[in-house]
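Q: Sequence first, predicted model second:
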Amino acid sequence: MRVGVLTGGGDAPGLNAAIRAVVKKCEKYGFEVLGVRRGWAGMLEGDAIPLKYENIKDIISRGGTVIKTSRTNPLKQPDGINKISENFKNLGLDALIAIGGDDTLSVAKALSDAGLNVVGIPKTIDYDVPGTEFTIGFDTAINEAMHQIENIKATADAHERVFVVEVMGRHAGWIALYSGLAAGADLILIPEEPFSIEDVANFVKRKIESGQKAIVIVIAEGALIKGYKGLVTKDMKVDQFGHVYLGGIGDFLAKEIEKAIGVETRSVTPAHTIRGGSPTALDRLISTRYGLAAVDLVKEGKFGMMVALKAGNIVAVPLSEATGKTKQVDSQLYDEAKIFFE
Ligand code: F6P
């Protein structure tokens, strides 16, 4: 039996832990492993390397992915699925484990629908994949973001300044909400609940008038402004999955606050720094469990499925449950947090 493993989409801390576990479990079962390089690009090109546990046993603590990643979308290429099917055969694969977020898993589902033996592992720092309570990388990302927001709080406090901190989170505000709450931010703005610039400026004004001069606002990159069409972006470039390159709403909001109330407002964007670091213990552990469980799905012939965490247990859910939708912050949770934004 020969098993391929690939990582697609944005990298996430814990990918290497999952790859390492896949290889360990495969070797236990006597399976060979090929690391498909650069996500779906590697499947389109037939670019894969053998992975041996003895060579990768120490990668558990490393961020990034040793087999590289890309945002290549084979469904956008003429004959993409056929090319992948051919390379599946050419590489001698019996099964493929695809580690990724909604985009990568949607391709995995399409390939599974086309008859290929594919299993998924959910990964994304954005935490927006449905059907699971854990996605690889989220825990590290929120911890990193929390530390950076805390650092900003300290300097904001020293200088009695207003700061806007923009964190990743395209269509879901999980990173902003969790890291912002954990760091004690004064206001958190998420894509799920569009905000008005006037309200935010008035919030800052009210705080200052009440004697609080250091204010830290956390905003998700995909937050929406009431009355504005679409997202605030640096430019209109899109990736192969049709996602526009986000970034810039923090700067934009800071300038708008200054304009509205005349108070100097700085902006900071941690961006990729929160997804490139060494994984937390939780990210290492669940990613490891995911890797082990994915190989079991392969052994049992349970294809078209994804490993998932539900109530502390690793389970298998159909790829259809995890794709085509975005898991967003529910309004009840956000409303609960609002007590800290008064
Ligand atoms: O992986 C998800 C994500 O972290 C989003 O929050 C962000 O918009 C995007 O990746 C950025 O990806 P890239 O580095 O490919 O531009």
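A: Sure, I can see it.

Q: which ones are touching the closest residue to the ligand within the stretch 101-250 of the chain?
A: Nearest residue of the stretch 101-250 of the chain to the ligand: residue 168, at 3.4 Å (Cβ to the nearest ligand atom). Every residue, glycine included, has its C-beta placed from N, CA and C. Contact analysis of residue 168 by Cβ atoms under 8 Å, 6 or more residues apart in numbering lists 125-126, 141, 175, 220-221, 246, 271, 274-275.

Q: which one is residue 81 nearest to, not counting chain neighbours?
A: In space, and not counting its chain neighbours, residue 81 is closest to residue 114: 5.4 Å by Cβ to Cβ, 6 or more residues apart in numbering.

Q: so how far is residue 74 from the one you found?
A: 11 Å (Cβ to Cβ, to the nearest Å).

Q: Which of those two has more residues huddled nearby?
A: For residue 114 and residue 74, the more surrounded residue by other Cβ atoms under 10 Å is residue 74, and the numbers stand at 21 against 12.

Q: quick revisit: correct me if wrong: the residue nearest to residue 81 contacts residue 83.
A: No: here residue 114 does not reach residue 83: they are 11.7 Å apart, not a contact under Cβ atoms under 8 Å.

Q: Between residue 114 and residue 74, which contacts overlap?
A: With Cβ under 8 Å, 6+ apart, residue 114 and residue 74 have common neighbours residue 81.

Q: List the contacts of residue 301.
A: Contacts of residue 301 (Cβ under 8 Å, 6+ apart): residue 117.

Q: in the chain, which helix or strand is least confident?
A: None of the helices or strands of the chain scores lower by mean pLDDT, DSSP states H and E than strand 233-238, at a mean of 72.

Q: chain center to the helix or strand just after that one: distance?
A: Proceeding N to C from strand 233-238, the next assigned helix or strand is strand 244-246, under DSSP states H and E. On the basis of Cα atoms, centre = their mean, to the nearest Å, strand 244-246 is displaced by 14 Å from the centre of the chain it belongs to.

Q: tell me the pLDDT at the residue nearest to residue 166 when sequence neighbours are not counted?
A: If the residues on either side of it in the chain are set aside, residue 166 comes closest to residue 250, at 2.9 Å by Cβ to Cβ, 6+ apart. Note on residue 250: pLDDT of 96.

Q: so how many other residues sit close to residue 250?
A: With other Cβ under 10 Å as criterion, residue 250 counts 28.

Q: so who does it touch?
A: Contacts for residue 250 were tallied using Cβ under 8 Å, 6+ apart; they are 164-166, 219, 221, 267-269.

Q: Without its sequence neighbours, what residue ends up closest to residue 147?
A: Leaving aside its sequence neighbours, residue 147 is closest to residue 183 (7.9 Å, by Cβ to Cβ, 6+ apart).

Q: What is the burial count for that neighbour?
A: 21.

Q: now do the one 10 residues further on
A: By other Cβ under 10 Å, 17 other residues sit near residue 193.

Q: what's near enough to touch it?
A: Residue 193 neighbours (Cβ under 8 Å, 6+ apart): 173, 331, 334.

Q: Is it possible to mark the buried ones in these?
A: 173, 334 (16 or more other Cβ atoms under 10 Å).

Q: Find the nearest non-adjacent residue to residue 233, please.
A: Distance criterion Cβ to Cβ, 6+ apart; nearest residue to residue 233, sequence neighbours excluded, is residue 244 at 5.2 Å.

Q: I'd guessed the one you found sits against residue 222; true?
A: No: checked against Cβ under 8 Å, the pair residue 244 and residue 222 is beyond contact range at 9.7 Å.

Q: what about these two, which has more around it?
A: Under the criterion of other Cβ under 10 Å, the comparison of residue 244 against residue 222 puts residue 222 first, with 24 against 16.

Q: what's near enough to touch the more buried one?
A: Residue 222 sits next to 169-173, 191, 231, 246, 249 when contact means Cβ under 8 Å, 6+ apart.

Q: Please enumerate the strands of the protein.
A: 2-7, 32-36, 48-50, 95-100, 118-122, 162-167, 187-189, 215-220, 233-238, 244-246, 265-268, 305-310, 313-318 (DSSP state E).

Q: lowest-confidence stretch among those strands?
A: strand 233-238 (a mean of 72).

Q: PyMOL command to pick out the buried ones of the contacts of residue 250?
A: Typed into PyMOL, the line below selects the buried ones among those, using 16+ other Cβ under 10 Å:
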select buried, resi 164+165+166+219+221+267+268+269
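
Q: need the contact list for the residue in the chain that the ligand sits nearest to.
A: Closest approach of the chain to the ligand (Cβ to the nearest ligand atom) occurs at residue 10, with a separation of 2.7 Å. Residues in contact with residue 10, defined by Cβ under 8 Å, 6+ apart, are 69, 71, 101, 124-125, 275.
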